[in-house]
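> structure, please.
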Amino acid sequence: MKIVVLDGYGANPGDLSWTPLEELGVLTVYPRTRADEVVSRAADAEIVITNKVILDSNVLSALPKLKYIGVFATGFNTIDIEAAHAHGIVVTNIPAYGTDSVAQMTFAHILNITNRVDHYARTNRAGRWAENDDFCYWDTPLCELAGKTIGVVGLGNIGSEVARIACAFGMNVFAVTSKNAADLPESIRKTTLDGLFGVSDILTLHCPLTLDTREMINRETIAKMRPGTILINVSRGALVNEQDVAEALESGRLGAYGADVMCEEPPAKTSPLFTQPNAYITPHVAWATVEARTRLMQIAVENIRAFLNGTPQNVVNP
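Here you go, the predicted model:
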């Protein structure tokens, strides 16, 4: 059984072991693969693992030996699912491996924005506190989370964990979700998206990218939000119109934007968000804790083993 990993560096830059995968077949790991290299590198593979490398219908048609695609992520929009099904290729993903890590990053952004930890650490390294006349100083607004209202868009694994943590901070939690209100914890109140815009001090996105959710945050929806709302996006970059968000930050309509994702990754240096001091962008690392990546690798191995045993799990195509 030949196994090819097309872009292994992102998940495992060298701190984790490939040995469990090697035990399942003849393994070749490529750190990165360009689009024009996919077919040649995967030509003899029965199993291909990919994270961000796109496998479209043309590529799949050129890989007659391919029987299984393992996506090194939860999202599987890089795969032409219908074409894979037509070719008899099983496609699996890795759900819920990063729930705790992504929820943690959500609050890392929230706390950085509300407490400005990075700002004060940087100014103190430059001598600001040492030169101060008083025992303390602050030159930004500071606020506590208790009593504030957080709006959560999507109550899947991550959104639900974010809501739980928010409750522990003493926040009021409202959510947009397909779940029945009667099935939610008493601490979470279900509302509409417009209702969420009207009550949220902090709005955090935890929904998939679909035709309905693409650019759900735009000039029109931002106008419905409370002035100074803090917007958090650790889900998908294209959930927001980045130009509209930048303009809202410029005008003060949005208080801050904390994001771990962007529409284009890597982003262009000319992104309008990079000129906004109240935009706090991290480079898609919420999922990258060693604990989350270890779970990712473990589940990837379990998925392949289940496939080889004739009982595939976490299958995403019909």
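
> show me where the stretch 101-250 of the chain has its helices.
117-125, 157-168, 193-199, 219-222, 242-251 (DSSP state H, counting those that start in this stretch).

> distance from stretch 68-78 to the middle of the chain?
14 Å (CA atoms, centre = their mean, to the nearest Å).

> re earlier: check the helices of the stretch 101-250 of the chain for me and report the most buried one.
Neighbour counts (mean count of other CB atoms under 10 Å) averaged over each of these peak at helix 157-168, with a mean of 20. Using the backbone N, CA and C atoms, a C-beta is placed for each residue, glycine as well.

> what is the rounded mean pLDDT of that one?
Average pLDDT, helix 157-168: 98.

> just checking, what packs against that helix?
helix 99-115, strand 149-153, strand 172-176 (3 or more CB pairs under 8 Å, 6 or more residues apart in numbering; DSSP states H and E).

> could you tell me the angle between the last one and helix 157-168?
It stands for strand 172-176. 160 degrees (axes from the mean of the first three to the mean of the last three CA atoms, to 10 degrees).

> quick one: pLDDT of residue 245?
98.

> if I read this right, residue 284 contacts residue 260, doesn't it?
Yes - using CB atoms under 8 Å, residue 284 is in contact with residue 260, at 5.7 Å.

> who has more neighbours, these two?
residue 260 (23 against 17; other CB atoms under 10 Å).

> what sits against residue 115?
Residues in contact with residue 115 (CB atoms under 8 Å, 6 or more residues apart in numbering) are residue 142.

> try it again at 10 Å.
By CB atoms under 10 Å, 6 or more residues apart in numbering, the contact set of residue 115 is 140, 142, 143, 144, 145.

> who wins for neighbours among these?
residue 145 (19 neighbours).

> got phi/psi on that one?
When read as degrees, to the nearest 10, the backbone of residue 145 gives phi -80, psi -30.

> once you drop chain neighbours, what's closest to it?
Leaving aside its chain neighbours, residue 145 sits nearest to residue 169 (4.4 Å; criterion: CB to CB, 6 or more residues apart in numbering).

> against residue 274, how distant is that neighbour?
30 Å (CB to CB, to the nearest Å).

> who has more neighbours, those two?
The neighbour comparison of residue 169 against residue 274 (other CB under 10 Å) goes to residue 169, with 16 against 13.

> residue 106 versus the more buried one, what's the distance?
12 Å.

> could you chop the protein up by domain?
2-97+290-309, 98-281 (the TED database).

> contacting residues for the nearest residue to residue 301 once chain neighbours are set aside?
Of all residues not flanking residue 301 in the chain, residue 20 sits nearest, at 4.5 Å (CB to CB, 6+ apart). Neighbouring residues of residue 20 by CB under 10 Å, 6+ apart: 27, 297, 298, 300, 301, 302, 304, 305.

> which of these ranks first by neighbour count?
So for the contacts of residue 20 (other CB under 10 Å), the most neighbours sit at residue 300, 24 neighbours.

> residues contacting the closest residue in space to that residue that isn't next to it in sequence?
Leaving aside its sequence neighbours, residue 300 sits nearest to residue 70 (CB to CB, 6+ apart; 5.6 Å). By CB under 10 Å, 6+ apart, the contact list for residue 70 reads 3, 5, 21, 47-51, 90-94, 299-301, 303-304, 307, 314.
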